[in-house]
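# Following is a predicted model, sequence given first.
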Amino acid sequence: MFFGKYAVLDSPTYYFEKEPDWYWKFRPATSVDAIAKARWYDDKSVPATDENGEPIKLLPIWFERAIHELAVLFDGTNIPLDPEKPVEDGGKPILDPKASLTEREKVIGGMPPDMLGELWVALGDAVPFWGPLLLAEEDTPQDENENPNPAEDEAGKQS
């Protein structure tokens, strides 16, 4: 199908900071992926209570969210299964794009935490509404005296 300027035609590719020859490709997300992600978050949420005893749901911890999101949108890598046989020289990658979601989650879950975090941030940069959804730098207060909500400043001036 053709979605005009909304279409993502290529898989975004990320190159690792500490291993710049290694890449990871993200499959473009669809609305069906977003629905499945939302349902996964709901299924994995833990019932709890807030400080007033009201029922709430706690989201899965960031490691779980990162592993799942990266597995869903995985589209390829050249990280070698055997460090002596690079993928470019005929070696096998650590993960095949045709692997099941469970297998993808298993391999991604075996990554060191800093590698997983780096990759999840890259996912957020490459695919809208995925990844850690961090505030943009320009949305972050520059010092402790700066109000993160400018509307409150305006309201205060009018009173």
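Sure, I can see it. On a predicted model such as this, the values are computed, not experimentally measured, just so you know.
# Would you list the phi and psi of the most centrally placed residue in the chain?
In the chain, the centroid-proximal residue (C-alpha atoms, centre = their mean) is G131; its distance is 2.4 Å. When read as degrees, to the nearest 10, the backbone of G131 gives phi 80, psi -170.
# Now do the end-to-end distance for stretch 85-96.
16 Å (C-alpha to C-alpha, to the nearest Å).
# I'd like to know the average pLDDT value across it.
In this model, stretch 85-96 has an average pLDDT of 96.
# helices and strands of this protein: which one has the lowest mean pLDDT?
helix 150-158 (a mean of 45; mean pLDDT, DSSP states H and E).
# What separation is there between the residue nearest to P113 when sequence neighbours are not counted and F26?
Nearest-residue entry for P113: F63, 7.3 Å, with adjacent residues in sequence omitted and distances by C-beta to C-beta, 6 or more residues apart in numbering. From N, CA and C alone the C-beta is placed, and that goes for glycine too. Separation of F63 from F26 (C-beta to C-beta, to the nearest Å): 18 Å.
# So which of those two has more stuff around it?
Neighbour tally, F63 and F26, criterion other C-beta atoms under 10 Å: the higher count belongs to F26, 25 against 14.
# For the more buried one, list each beta-bridge partner.
F74 (DSSP bridges).
# for it, what are its contacts?
11-14, 73-75, 122-123, 126-127 (C-beta atoms under 8 Å, 6 or more residues apart in numbering).
# In this protein, where is pLDDT below threshold?
134-159 (pLDDT under 70).
# can you map out the strands along it?
Secondary structure of the chain (DSSP state E): strands at 13-15, 23-26, 46-49, 55-58, 74-77.
# Format those as JSON lines; extra columns: distance to L116.
Converted to JSON lines, the strands of the chain look like this (distance: least, C-beta to C-beta, whole Å):
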{"stretch": "strand 13-15", "distance to L116": "13"}
{"stretch": "strand 23-26", "distance to L116": "11"}
{"stretch": "strand 46-49", "distance to L116": "21"}
{"stretch": "strand 55-58", "distance to L116": "20"}
{"stretch": "strand 74-77", "distance to L116": "13"}
